[in-house]
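[1] After the sequence you'll find the predicted model.
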Amino acid sequence: MIIRPRNRVMSNFHMSGMTDIVFLLLIFFMLTSTLIAPNAVKMLMPSPGRTPVQVESNVPTITIYSNTRIAVDGRTIQFENLGMILDAKLAGQQEPTVKVVTAPNVSVEDAVKIMNVAAEKNYTVVIKLL
């Protein structure tokens, strides 16, 4: 006579509960990812085949040097005064544009600070490397 245990171990597993949890998590992450605001500067990249745009002479040129020195049209300025100087130079223009020229060893952080000042005032930024 074979003695069998009264409690049997079930070897099957139902996946229906697990799929419900996966779909709920998927919906949650899809909804929350749309609420994240990108923290980036809007850049206009040239398309291939377009001719280069000639920069007008009334566009102020901001030059960033390697030792975090900033110059506007050849005159060295303090970073705190940049917004006021750009407002004075670009007053009355329909599409205010700023040209930013950086040295090859300038950190990205310094260039982004300048672009943020221009972005706050809704200026178009043209970037060039020295």
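    Okay, I see it. Numbering: from 1, shown residues only.
[2] C-alpha from now on. contacts and neighbour counts both.
    Noted.
[3] For residue 98, grab the count of nearby residues.
    Neighbour count for residue 98, taken as other CA atoms under 10 Å: 22.
[4] what do you get for the one 5 residues further on?
    Under the neighbour criterion other CA under 10 Å, residue 103 is assigned a count of 15.
[5] swap in residue 96?
    Neighbour number of residue 96 under other CA under 10 Å is 20.
[6] Can you tell me how far residue 16 is from residue 63?
    Using CA to CA, to the nearest Å, one gets 62 Å for the distance from residue 16 to residue 63.
[7] more crowded one of these two?
    Set side by side, residue 16 and residue 63 show more neighbours around residue 63, with 24 against 8, by other CA under 10 Å.
[8] I'd assumed residue 76 was in contact with the more buried one.
    No: applying CA atoms under 8 Å as the test, residue 63 and residue 76 come out as separate, 9.0 Å apart.
[9] Give the residues shared as contacts by those two.
    Contact criterion CA atoms under 8 Å, 6 or more residues apart in numbering; residues shared by residue 63 and residue 76: residue 70.
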